[in-house]
Every structure is written in structure tokens, then in C-alpha cells.
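*Asks:* sequence and computational prediction follow.
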Amino acid sequence: QVHLVESGGGLVQAGGSLRLSCAPSGRTFDVMGWFRQAPGKEREFVAAMFWSGRSPSYADSVKGRFTISRDYAKNTVALQMNSLKPEDTAVYYCAVQIYYTNIYFRDRYDFWGQGTQVTVSS
């Protein structure tokens, strides 16, 4: 079992920045990812990385604007979101894969956080 707690969501104007954080507890895992779900849409992949810190990957829609990273001192994973757009508005979820299979598919993730709302106003 892995328990995940997200923090850092909020309301920001277009062009602004937010930093999300995910704190895991419980057993070990291979991959941590971020997904988002906007109203009326499916939950989509945003970014992911191996817990070891290697191979960060991003959706095309956020590449160059978002950065996923691990804070080794705090044992958390952050999603730094810059140049935010109204279309980034969604509930953001962190999730983990116990054993790596595929980082892009949400059904490959075993445990999920409760989600944090990000709203970008135009």
C-alpha cells in the first residue's frame, strides 16, 4: 500500500506559476506520475519519472513549461508549472506504479492521491 498526499494547488492568472508536491508513504515503488482531469474530460498523463530520479517524461502539451523533480531531503516529488494557460485548469493527481510497465497509461498506476485543484484564469 502507498498513501499519497498532494498539495500546492490554487488559483493563478494565465502566465503565472504554481508548484505541486506529492508526499508518498508506505511501500517502495518504481514510478511516480502526475495526471490531470478537467471537467467532462478523461484523466490524462502530464509527467512522470522514476523514483530514482531518472528519465523524466512529459506530455507534449506541457513540455517546456512543466518540470517534474524529486526533493530527496523532503522525500517528495514536485511538479513545477510555469507559463500556465487556462487550458491547464484541472484537478491534478499524483500516482505511483509499484513495478514499472508503462508511464503513460493511467491504468498502469496502482495508487492515487486525492487530487488538488488548479485553476488558471484568463
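*Replies:* Perfect, thanks for sending it.
*Asks:* so what's the residue nearest the centre of the chain bridging to?
*Replies:* The centroid of the chain falls nearest to W34 when counting by C-alpha atoms, centre = their mean (2.3 Å). Counting by DSSP bridges, W34 is bridged to A47, C94.
*Asks:* surely it touches D88?
*Replies:* No. Counting by C-beta atoms under 8 Å, W34 does not reach D88; the two are 11.8 Å apart. Every residue, glycine included, has its C-beta placed from N, CA and C.
*Asks:* beta partners of the nearest residue to G8 once chain neighbours are set aside?
*Replies:* Closest residue to G8 apart from its sequence neighbours, by C-beta to C-beta, 6 or more residues apart in numbering: L20 at 4.2 Å. Note on L20: beta-bridge partners by DSSP bridges are L79.
*Asks:* neighbours of L20, just the number please.
*Replies:* 25 (other C-beta atoms under 10 Å).
*Asks:* just the pLDDT for it.
*Replies:* In this model, L20 is scored at 98, pLDDT.
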